[in-house]
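Trainee: just a sequence and a predicted model for now, questions to come.
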Amino acid sequence: MAEKNTYGQILKSSAMIGGSSVINIAISIVRAKAMAVMLGPAGIGLMGLYQAIADLVTSVAGMGINNSGVRQIAEAVGTRDIERIARTATVLRRISIFLGVLGAALLAVFSGPLSAFTFGNDQHTLAVAFLSMAIFFNLVSAGQGALINGMRRISDMAKMGVLGTVFGTLISITAVYFLGENGLVLSLVLFSVMGTLLSWLYSRKIHIKPIVIDAYVVRKEVAALVKLGFAFMVSALLMSGAAYAVRMLVVREAGLDAGGLYQAAWTLGGLYIGFILQSMGTDFYPRLTAVAHDNSECNRMVNEQAYISLLLAGPGVIATLTFAPLVILFFYTPKFEGAVEILRWLCLGMTLRVISWPMGFIIVAKGVQNLLIFSELAWTVVYLGLAWLFVSYFKLKGAGIAFFGSYIFHVFMIYLMVRRLSGFRWSSANIQTGLLFLSLIAVTFCSFYSLPPLLAMGVGILAIFLSGAYSIQVLLNLISMDRIPAPVLKILRLFRLVPSSSNECCKFRPMVALKAGDTLDQNWTKVDLKWLIFALMICIGFFMCFEWYGGAFEG
């Protein structure tokens with residue numbers, strides 16, 4: 001029963017974060033559409049560069065304190081030592097403010113050279129200098145968010161996300177509507193201010209015992225935060241630096257409009273996957289930290305998290321691949337049609353990110369700084385090398401191909417590392433599920449290059465249906481009824497996937513009354529979709545090969 005309750009915990013946290021993400025996505029549609037209409041591809045590209053600068057400087061100045069703070073708070077909570085919790089939380093808040101001031105000052109001082117390096121001239125110097133205010137508020141907000149995350153207040157994190165998106169959207173649209181491109185930096189600054197206010201309001205709900213800390217204890221706590229935080233800082237710097245460099249490469253090779261298309265595709269590619277990765281950082285990371293010393297328990301939790309993540313991510317990725325043109329049109333305007341192809345390539349990379357991230361958390365939870373830095377450095381070198389090569393040849397699409405290729409490397413590299421570090425091995429269920437979804441995604445992706453558009457769309461819709469049915473079947477068999485979140489349970493009852501009462505029967509077969517702790521193993525239709533999916537995908541694969549061969553022969 002412990003194992004089923006663990007799956008339930010993963011799904012519960014994913015449902016909370018996912019529920020807020022659904023609202024965020026709905027609001028993001030409004031924001032993206034408004035920004036696309038008001039700014040066009042070039043304006044979106046400019047916004048992406050400003051955001052990249054802010055992310056890069058925040059990563060450097062933040063010293064990884066937000067990530068190391070989550071780990072330190074989670075460890076302190078695990079000991080139930082009130083003094084230690086208060087000490088860590090107090091130091092975390094103080095150092096976040098200090099780093100915020102330092103980061104803002106650095107960006108203001110070097111705004112001229114950074115503007116010239118990014119845009120090729122100093123016309124944006126004042127805007128970059130003004131962006132320093134966003135750095136200060138981002139880092140203060142990150143420190144307070146680390147406290148909330150480390151305490152595993154999942155509900156508060158979800159509420160913060162929704163409210164931040166709502167107010168941020170109103171602020172962004174208003175600023176750009178009245179000021180045009182001149183309002184982009186102002187919208188980023190006001191967005192960060194709103195995030196700080198919300199994190200402050202929710203962090204005040206956490207009762208921290210007031211304590212007096214002498215200078216020696218402060219230095220000791222800061223040293224612990226900075227020691228691990230440095231590895232996180234380097235990791236974040238490499239990731240944000242790589243994103244910044246690829247954006248610059250796209251703009252210089254294909255123009256600012258192409259930069260806008262890349263920004264649009266990047267935003268949409270990570271929209272659905274984002275809530276899965278966010279739930280990992282919000283709930284899974286603190287839980288894994290608490291058992292990081294126990295390799296067998298650590299490996300079990302990673303396998304479970306990866307299993308749930310694959311089941312949740314698969315149908316969404318396939319849907320994005322299938323309806324990419326409609327998604328682009330829905331979120332943006334017809335001017336962004338050129339982002340469709342790169343969006344599909346980014347989706348492939350995001351799928352592999354879902355596979356590699358749970359394993360990567362083993363390195364993070366164990367606090368192996370050197371290994372963390374090496375893994376991120378290796379990935380960055382591969383990513384930038386592939387981007388330099390492919391963007392030169394394929395322009396915008398090349399950035400998506402490079403991202404996908406870099407995560408092929410990342411998956412194998414991280415697996416070899418954690419296998420030596422904790423003896424991690426994929427469970428048979430994960431291997432089978434991974435192969436199943438990867439085959440569905442590969443067939444769907446390739447169909448748009450080898451089949452007529454309508455026929456490819458049909459293949460994608462079939463893959464969505466099969467993957468969705470399989471995910472629902474497996475998820476219902478994994479958890480007990482009392483662990484299914486109430487909103488999800490209502491939806492399942494609406495579609496008669498579970499009984500609404502003990503006397504109701506499923507339309508497929510009679511269902512017995514379920515008690516708390518029972519699962520749906522004995523009730524769900526015993527149709528193993530796995531082999532049906534593999535058989536259909538093999539048939540479709542052969543058909544695509546014949547179509548491609550016939551087209552090539554005729555050509």
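Mentor: Received, thanks.

Trainee: helix, strand or coil: sort out the nearest residue to R94 once chain neighbours are set aside for me.
Mentor: Nearest residue to R94 in three dimensions, chain neighbours excluded: V218, at 7.7 Å (C-beta to C-beta, 6 or more residues apart in numbering). C-beta here means a position set from N, CA and C on the backbone, and glycine is covered the same way. At V218, secondary structure determined by DSSP: H, G, I helix; E, B strand; the rest coil is helix.

Trainee: V218 contacts V91, correct?
Mentor: Yes. Under the criterion of C-beta atoms under 8 Å, V218 makes contact with V91 at 5.9 Å.

Trainee: settle it for me: which of those two has more neighbours?
Mentor: Neighbour count, other C-beta atoms under 10 Å: between V218 and V91, V91 has more, with 23 against 15.

Trainee: average pLDDT for the helix or strand that one falls within?
Mentor: Taking DSSP states H and E as the criterion, V91 maps to helix 82-109. Regarding helix 82-109, the rounded mean pLDDT is 87.

Trainee: same thing with stretch 66-76?
Mentor: In this model, stretch 66-76 has a mean pLDDT of 76.

Trainee: same check on stretch 332-342?
Mentor: What stretch 332-342 shows for mean pLDDT is 87.

Trainee: ends of it, how far apart?
Mentor: Counting by C-alpha to C-alpha, to the nearest Å, you get 15 Å between the two ends of stretch 332-342.

Trainee: mind listing residues that contact it?
Mentor: 32-33, 36-37, 40-41, 258, 260-262, 264-265, 268, 324-325, 328-329, 396-397, 399-400 (C-beta atoms under 8 Å, 6 or more residues apart in numbering).

Trainee: now restrict the residues you listed to buried residues only.
Mentor: Using 16 or more other C-beta atoms under 10 Å as the burial test, the contacts of stretch 332-342 include 32-33, 36, 40-41, 258, 260-262, 264-265, 268, 324-325, 328, 396-397, 399-400 as buried.

Trainee: now intersect these with the helices, please.
Mentor: If you go by DSSP state H, the buried ones among the contacts of stretch 332-342 have 32-33, 36, 40-41, 258, 260-262, 264-265, 268, 324-325, 328, 396-397, 399-400 in helices.

Trainee: quick one: secondary structure of D156?
Mentor: Assigned by three-state DSSP, the conformation of D156 is helix.

Trainee: swap in I208?
Mentor: Under three-state DSSP, the three-state class of I208 is coil.

Trainee: quick one, what contacts it?
Mentor: Counting by C-beta under 8 Å, 6+ apart, I208 makes contact with 85-86, 89-90.

Trainee: over to F136?
Mentor: If a contact means C-beta under 8 Å, 6+ apart, then F136 has 100-101, 103-104 as its contacts.

Trainee: need the contact list for A313.
Mentor: 272-273, 276, 351, 354, 437.

Trainee: what residues of the strand or helix carrying it count as buried?
Mentor: Secondary structure assigned from DSSP H and E places A313 in helix 295-322. Residues 298-322 are the ones in helix 295-322 that count as buried (16+ other C-beta under 10 Å).

Trainee: roughly how far does the residue sitting nearest the centre point of the chain sit from A535?
Mentor: Taking C-alpha atoms, centre = their mean, the centroid of the chain lies closest to G274, which sits 2.9 Å from it. As judged by C-beta to C-beta, to the nearest Å, G274 and A535 stand 33 Å apart.

Trainee: what's the answer for M248, then?
Mentor: Going from M248 to A535 by C-beta to C-beta gives 46 Å.

Trainee: settle it for me: which of these two has more neighbours?
Mentor: More neighbours surround M248 than the other of M248 and A535, with 17 against 10 (other C-beta under 10 Å).

Trainee: wait, doesn't V391 sit right on A399?
Mentor: Yes. With contact defined as C-beta under 8 Å, V391 reaches A399; the gap is 5.6 Å.

Trainee: now do the shared contacts for these two.
Mentor: Counting by C-beta under 8 Å, 6+ apart, the residues touching both V391 and A399 are 246, 249-250.

Trainee: out of those residues, grab the one that's most surrounded.
Mentor: Ranked by neighbour count (other C-beta under 10 Å), the shared contacts of V391 and A399 have V250 at the top, with 26 neighbours.

Trainee: the one helix or strand that one maps to - contacts with which helices or strands?
Mentor: Assessed by DSSP H and E, V250 sits inside helix 215-254. The elements that helix 215-254 packs onto, with contact taken as 3 or more C-beta pairs under 8 Å, 6 or more residues apart in numbering; DSSP states H and E, are helix 2-62, helix 65-79, helix 82-109, helix 256-269, helix 369-394, helix 396-422.

Trainee: deepest in the core, which of the ones you listed is it.
Mentor: Across these, the average number of neighbours (mean count of other C-beta atoms under 10 Å) peaks for helix 256-269, which reaches a mean of 25.

Trainee: and it, what's its mean pLDDT?
Mentor: 84.

Trainee: please save the CA atoms from that helix in CSV.
Mentor: Taking C-alpha atoms only, helix 256-269 is exported to CSV below (Å, rounded to 0.1, in the frame of the first residue of the first chain):
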residue,chain,number,x,y,z
LEU,A,256,14.9,39.6,-35.5
ASP,A,257,11.7,38.1,-37.0
ALA,A,258,13.2,34.6,-36.7
GLY,A,259,14.1,35.4,-33.1
GLY,A,260,10.4,36.1,-32.5
LEU,A,261,9.4,32.8,-34.1
TYR,A,262,11.9,31.0,-31.9
GLN,A,263,10.6,32.7,-28.8
ALA,A,264,7.0,31.8,-29.7
ALA,A,265,7.9,28.1,-30.3
TRP,A,266,10.1,28.0,-27.2
THR,A,267,7.2,29.3,-25.1
LEU,A,268,4.7,26.9,-26.5
GLY,A,269,7.1,23.9,-26.5
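
Trainee: need the three-state assignment for the closest residue in space to P325 that isn't next to it in sequence.
Mentor: Spatial nearest neighbour of P325, excluding adjacent residues (C-beta to C-beta, 6+ apart): V340 at 5.2 Å. Recorded secondary structure, V340: helix (three-state DSSP).

Trainee: ok, V109 to N303 distance?
Mentor: From V109 to N303 the distance is 48 Å (C-beta to C-beta).
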